[in-house]
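Asks: Sequence first, predicted coordinates after that:
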Amino acid sequence: MSKRSKRATNIDPFLNPEERKLVTFFNPLSPVAEGYRTLRTNVHFVSPDQPLHVLAITSAMTAEGKTTTAANLAITLAQEGHKTLLIDGDLRKPSMHRLFDLANTQGLTNVLVGQISYEEVIQALPVEHLHLLTAGPTPPNPSEMLMSRAMDNLVKQLRGAYTYIVFDTSPVTAVTDAQLIASLADGVLLVARVDFSRREPLVRALQLLESVQAHVVGTVLNAVPKKSALYRYGYGYGYGYGYGYGAGASKKGRKKAKSEEPAAPSYGPLSPQPSKPNFSSIEAVATQELPEHLSRNRRKR
Ligand SMILES: Nc1ncnc2c1ncn2[C@@H]1O[C@H](COP(=O)(O)OP(=O)(O)OP(=O)(O)O)[C@@H](O)[C@H]1O
Ligand SMILES: [Mg+2]
């Protein structure tokens, strides 16, 4: 991962596609990076009674932005000076190592079978305070590995070594892996992607997470178009917990949020694949309720 554009305020056209996803590292002053910092703030404040040290980032389906969100959230936590470990918990389709241009010859799976200690496989990232534990070789039995005593012990041990642990995971509705990681985490963030995610899988994902007593602390709205009302709302008004949409929000706050909410954003037709990547459009917003507008608006069409 090159550091050449660390100070750039606009997306550098020379960044490769993977680097463009790490907006908090390469473009820390951009509004998109600010969106991730807002998400970080929400993570700090959302659960005063049970601080969130171990976070699982998941989504209902594939390609909704789990990996991108996990990486950028971990970077912003480290940038704040917290010792942070990012773990690729997507053992079936590991991708975090590619994002950081690192090897994945050894990782979590090797640690879980006792071949090597976590200290030996953890890799330092070019962000101070941030380490990465890649997934390691794909095993034939990912779920068994994630529900093993070894996994439980590892997370306990890592809690003592890091202030924050951020897990990337597989999609919840596809396999049980994300549920297993979620049950070990203090909090779960469910990523939904604007113009792509659908309500039914999101509801199913929530049910699956609740069935293992996972503590779902919010949803992250990914890829909010820059022109959308949600983008302005998320960035400009700190849309999220305590700003009208959280369950604990005051009536006054809720009313204010409604009156400030511009007309519903318009959505294009459902596409089976994500639209062309445009990382200048990433926005991450934590809310406590399901982002209902995601598919409701589309269904009306
Ligand atoms: N904010 C965004 N803006 C535009 N494109 C995005 C955004 N977030 C994700 N993408 C696109 O979606 C793809 C999937 O993103 P990412 O890998 O973060 O999702 P994922 O949920 O981890 O996917 P998977 O389920 O395959 O692991 C990216 O390669 C990128 O092309
Ligand atoms: Mg992923």
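Replies: Here it is on my side, so go on. Note that the structure is predicted; figures quoted are calculated from it, not measured. Numbers count the residues shown, from 1 in each chain. Ligands and ions are numbered 1, 2, ... in the order given.
Asks: Show the backbone phi and psi for the residue in the stretch 151-300 of the chain that ligand 2 sits nearest to.
Replies: Closest to ligand 2 within the stretch 151-300 of the chain is D168: 5.8 Å, counting by CB to the ion. In short, each C-beta sits where N, CA and C put it, glycine included. Here is the backbone geometry of D168 (degrees, to the nearest 10): phi -90, psi 150.
Asks: give me the number of residues near the closest residue to it other than its chain neighbours?
Replies: The shortest distance from D168 to any non-neighbouring residue, by CB to CB, 6 or more residues apart in numbering, is to A70 (4.0 Å). Other residues lying near A70 total 28 when counted by other CB atoms under 10 Å.
Asks: what about A70, helix or strand, and which?
Replies: Element membership for A70, per DSSP states H and E: helix 66-79.
Asks: how about that helix, does it get close to ligand 1?
Replies: Yes. Judged by CB under 6 Å from any ligand atom, helix 66-79 and ligand 1 are in contact via K66, T67, T68.
Asks: mind listing what the second one touches?
Replies: With CB atoms under 8 Å, 6 or more residues apart in numbering as the criterion, the residues that contact T67 are K21, D90, S95, M96, L99, D168.
Asks: Of the residues you listed, which pair is most distant in space?
Replies: Farthest-apart pair in these is K21 and D90; separation 15.1 Å (CB to CB).
Asks: And the residue nearest to D168, how far from ligand 2?
Replies: 8 Å (CB to the ion, to the nearest Å).
Asks: now swap in E80 and tell me
Replies: Taken as CB to the ion, the span from E80 to ligand 2 is 24 Å.
Asks: Mind listing what's buried along stretch 20-33?
Replies: 20-28, 30-33 (16 or more other CB atoms under 10 Å).
Asks: whoops, I mixed them up, stretch 93-104
Replies: P94, S95, M96, H97, L99, F100, L102, N104.
Asks: By mean pLDDT, which helix or strand of the chain comes out lowest?
Replies: helix 251-260 (a mean of 33; mean pLDDT, DSSP states H and E).
Asks: Let me see the confidence value for the residue nearest to D168.
Replies: At A70, the pLDDT value in this model is 97.
Asks: Also the one 4 residues further on?
Replies: You'll see A74 listed with a pLDDT of 98.
Asks: right, and it touches T84 too?
Replies: Yes. Contact criterion CB atoms under 8 Å: A74 and T84 qualify, at 5.2 Å.
Asks: The two: which is more packed in?
Replies: For A74 versus T84, neighbours defined as other CB under 10 Å are more numerous around A74 (32 against 27).
Asks: I'd like the distance between that one and G136.
Replies: From A74 across to G136, the span is 18 Å (CB to CB, to the nearest Å).
Asks: Over to H215?
Replies: The value you get for H215 to G136, if CB to CB is used, is 27 Å.
Asks: between these two, which one's more packed in?
Replies: G136 (24 against 16).
Asks: quick one, phi/psi of that one?
Replies: phi 90, psi 180.
Asks: quick one: it and V121 touch, right?
Replies: Yes. Contact criterion CB under 8 Å: G136 and V121 qualify, at 7.4 Å.
Asks: what touches both of those two?
Replies: With CB under 8 Å, 6+ apart, G136 and V121 have common neighbours Q106, G107, L108, N110, V111.
Asks: would you turn those residues into TSV with pLDDT?
Replies: Output for the shared contacts of G136 and V121, formatted as TSV (pLDDT from 0 to 100):
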residue	pLDDT
Q106	98
G107	98
L108	98
N110	98
V111	98
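Asks: Among those residues, which ones are in strands?
Replies: Assignment to strands by DSSP state E places none of the shared contacts of G136 and V121 there.
Asks: Using TSV, lay out these together with distance to D186.
Replies: Listed next are those as TSV, based on distance: CB to CB, whole Å:
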residue	distance to D186
Q106	27
G107	23
L108	19
N110	25
V111	21
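Asks: N72 and L206, how far apart?
Replies: Distance from N72 to L206, by CB to CB: 23 Å.
Asks: So if I had to pick from the two, which one is more boxed in?
Replies: N72 (28 against 18).
Asks: and V166, helix, strand or coil?
Replies: Following DSSP: H, G, I helix; E, B strand; the rest coil, V166 is assigned to strand.
Asks: Quick check: closest non-adjacent residue to it.
Replies: Nearest to V166 is A74, by CB to CB, 6+ apart, at 4.2 Å.
Asks: One more: A150?
Replies: Closest to A150 by CB to CB, 6+ apart is L112, at 4.7 Å.
Asks: quick one: contacts for that neighbour?
Replies: Counted by CB under 8 Å, 6+ apart, L112 has contacts M145, S148, A150, M151, L154.
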